[in-house]
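Student: here is my input; please provide its structure:
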Amino acid sequence: MQGAILEFGARVLGGGLDQLDEDVIVGVGAALLTAAHRDALVGWTAENTEPGVMRAGWLWMVQQLTGEARAYAATLFALGALLEGDGAAANVALELAEQVHPGLSLTRLATDVAGCGIEPAVLRRMLCDVAR
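Tutor: Take a look at the predicted model:
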(Lines give C-alpha, C1' and ligand atoms only; values in the text may rest on other atoms or scores of the structure.)
Protein backbone atom coordinates (compact mmCIF):
# COMPACT_ATOMS: atom_id res chain seq x y z
CA MET A 1 0.00 0.00 0.00
CA GLN A 2 2.81 2.43 0.89
CA GLY A 3 4.47 1.84 -2.47
CA ALA A 4 1.21 2.58 -4.26
CA ILE A 5 0.83 5.84 -2.37
CA LEU A 6 4.39 6.87 -3.21
CA GLU A 7 3.92 6.00 -6.88
CA PHE A 8 0.62 7.89 -6.99
CA GLY A 9 2.31 10.90 -5.37
CA ALA A 10 5.14 10.84 -7.88
CA ARG A 11 2.69 10.67 -10.78
CA VAL A 12 0.49 13.44 -9.39
CA LEU A 13 3.43 15.77 -8.85
CA GLY A 14 5.38 14.79 -11.95
CA GLY A 15 2.67 14.03 -14.45
CA GLY A 16 1.82 10.69 -15.95
CA LEU A 17 -1.38 9.79 -14.12
CA ASP A 18 -2.45 7.91 -17.23
CA GLN A 19 0.53 5.59 -16.68
CA LEU A 20 -0.63 4.33 -13.28
CA ASP A 21 -1.07 0.59 -13.27
CA GLU A 22 -3.91 -1.30 -11.65
CA ASP A 23 -1.83 -2.27 -8.61
CA VAL A 24 -1.24 1.41 -7.77
CA ILE A 25 -4.91 2.28 -8.24
CA VAL A 26 -5.98 -0.62 -6.03
CA GLY A 27 -3.34 0.31 -3.44
CA VAL A 28 -4.48 3.92 -3.26
CA GLY A 29 -8.08 2.72 -3.01
CA ALA A 30 -7.12 0.49 -0.08
CA ALA A 31 -5.24 3.37 1.55
CA LEU A 32 -8.34 5.55 1.35
CA LEU A 33 -10.20 2.91 3.37
CA THR A 34 -7.66 3.05 6.21
CA ALA A 35 -8.06 6.00 8.57
CA ALA A 36 -4.35 6.61 9.17
CA HIS A 37 -3.50 6.53 5.47
CA ARG A 38 -6.55 8.62 4.59
CA ASP A 39 -5.58 11.24 7.17
CA ALA A 40 -2.08 11.38 5.71
CA LEU A 41 -3.56 11.81 2.22
CA VAL A 42 -5.71 14.70 3.48
CA GLY A 43 -2.56 16.34 4.85
CA TRP A 44 -0.68 15.72 1.61
CA THR A 45 -3.55 17.26 -0.34
CA ALA A 46 -3.42 20.35 1.87
CA GLU A 47 0.37 20.66 1.75
CA ASN A 48 0.59 20.72 -2.04
CA THR A 49 -0.12 24.24 -3.22
CA GLU A 50 0.46 23.93 -6.98
CA PRO A 51 -2.89 24.95 -8.56
CA GLY A 52 -4.87 22.08 -10.03
CA VAL A 53 -2.36 19.35 -9.21
CA MET A 54 -4.21 17.69 -6.34
CA ARG A 55 -7.55 18.12 -8.04
CA ALA A 56 -6.23 16.34 -11.13
CA GLY A 57 -4.87 13.47 -9.05
CA TRP A 58 -8.05 12.94 -7.09
CA LEU A 59 -10.23 13.35 -10.17
CA TRP A 60 -8.23 10.56 -11.79
CA MET A 61 -8.87 8.36 -8.77
CA VAL A 62 -12.59 9.20 -8.78
CA GLN A 63 -12.69 7.97 -12.37
CA GLN A 64 -10.81 4.76 -11.56
CA LEU A 65 -12.18 3.64 -8.18
CA THR A 66 -15.55 2.32 -7.08
CA GLY A 67 -17.61 2.28 -3.91
CA GLU A 68 -16.36 3.73 -0.66
CA ALA A 69 -12.86 4.42 -2.03
CA ARG A 70 -14.41 6.44 -4.88
CA ALA A 71 -16.42 8.45 -2.36
CA TYR A 72 -13.27 9.24 -0.38
CA ALA A 73 -11.41 10.22 -3.57
CA ALA A 74 -14.30 12.55 -4.46
CA THR A 75 -14.13 14.05 -0.97
CA LEU A 76 -10.38 14.64 -1.31
CA PHE A 77 -11.01 16.22 -4.72
CA ALA A 78 -13.54 18.48 -2.97
CA LEU A 79 -11.00 19.47 -0.33
CA GLY A 80 -8.51 20.26 -3.11
CA ALA A 81 -11.14 22.42 -4.80
CA LEU A 82 -11.93 24.24 -1.54
CA LEU A 83 -8.22 24.86 -1.05
CA GLU A 84 -8.28 26.64 -4.41
CA GLY A 85 -11.45 28.58 -3.60
CA ASP A 86 -13.66 26.59 -5.98
CA GLY A 87 -16.74 25.88 -3.91
CA ALA A 88 -18.85 24.94 -6.93
CA ALA A 89 -16.55 22.07 -7.95
CA ALA A 90 -16.26 21.01 -4.32
CA ASN A 91 -20.03 20.83 -3.93
CA VAL A 92 -20.42 18.69 -7.06
CA ALA A 93 -17.74 16.30 -5.80
CA LEU A 94 -19.32 16.13 -2.35
CA GLU A 95 -22.71 15.33 -3.87
CA LEU A 96 -21.08 12.51 -5.83
CA ALA A 97 -19.37 11.20 -2.70
CA GLU A 98 -22.66 11.19 -0.83
CA GLN A 99 -24.42 9.38 -3.69
CA VAL A 100 -21.69 6.75 -4.04
CA HIS A 101 -21.40 6.00 -0.31
CA PRO A 102 -23.74 7.94 1.97
CA GLY A 103 -22.80 8.90 5.50
CA LEU A 104 -19.00 9.08 5.45
CA SER A 105 -17.85 11.32 8.27
CA LEU A 106 -15.10 12.93 6.17
CA THR A 107 -17.65 13.80 3.49
CA ARG A 108 -19.97 15.32 6.10
CA LEU A 109 -17.10 17.33 7.54
CA ALA A 110 -16.03 18.57 4.11
CA THR A 111 -19.64 19.48 3.32
CA ASP A 112 -19.85 21.48 6.54
CA VAL A 113 -16.57 23.22 5.72
CA ALA A 114 -17.81 24.05 2.22
CA GLY A 115 -20.94 25.58 3.71
CA CYS A 116 -18.96 27.78 6.11
CA GLY A 117 -16.97 29.58 3.45
CA ILE A 118 -13.64 29.18 5.22
CA GLU A 119 -10.84 31.00 3.41
CA PRO A 120 -8.53 28.60 1.53
CA ALA A 121 -5.41 29.68 3.46
CA VAL A 122 -7.15 29.12 6.79
CA LEU A 123 -8.48 25.74 5.65
CA ARG A 124 -5.01 24.72 4.46
CA ARG A 125 -3.52 25.52 7.88
CA MET A 126 -6.31 23.65 9.65
CA LEU A 127 -5.93 20.53 7.50
CA CYS A 128 -2.15 20.52 7.80
CA ASP A 129 -2.38 20.88 11.59
CA VAL A 130 -4.95 18.05 11.87
CA ALA A 131 -2.89 15.74 9.65
CA ARG A 132 0.18 16.02 11.90
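Student: for the spatially closest residue to G9 that is not a sequence neighbour, grab the count of nearby residues.
Tutor: Closest residue to G9 apart from its sequence neighbours, by Cβ to Cβ, 6 or more residues apart in numbering: W44 at 6.9 Å. Backbone N, C-alpha and C define where each C-beta goes, glycine included. W44 is flanked by 20 other residues according to other Cβ atoms under 10 Å.
Student: any idea of the pLDDT on W44?
Tutor: pLDDT recorded at W44 is 94.
Student: hang on, it packs against F8?
Tutor: No: assessed by Cβ atoms under 8 Å, W44 is found out of contact with F8, at 9.8 Å.
Student: now for those two: what residues contact both?
Tutor: Common contacts of W44 and F8, defined by Cβ atoms under 8 Å, 6 or more residues apart in numbering, are absent altogether.
Student: ok, and what's touching the helix or strand hosting T111?
Tutor: If you go by DSSP states H and E, T111 is part of helix 105-116. By Cβ under 8 Å, 6+ apart, the residues outside helix 105-116 that reach it are 38, 42, 71-72, 74-75, 78-79, 82, 87, 90-91, 94, 97-98, 101, 123.
Student: swap the cut-off to 6 Å and go again
Tutor: With contacts defined as Cβ atoms under 6 Å, 6 or more residues apart in numbering, helix 105-116 is touched by T75, A78, L79, L82, G87, A90, N91, L94, A97, E98.
Student: neighbour-wise, which one of those residues leads?
Tutor: Busiest of the contacts of helix 105-116 [other Cβ under 10 Å] is T75, holding 32 neighbours.
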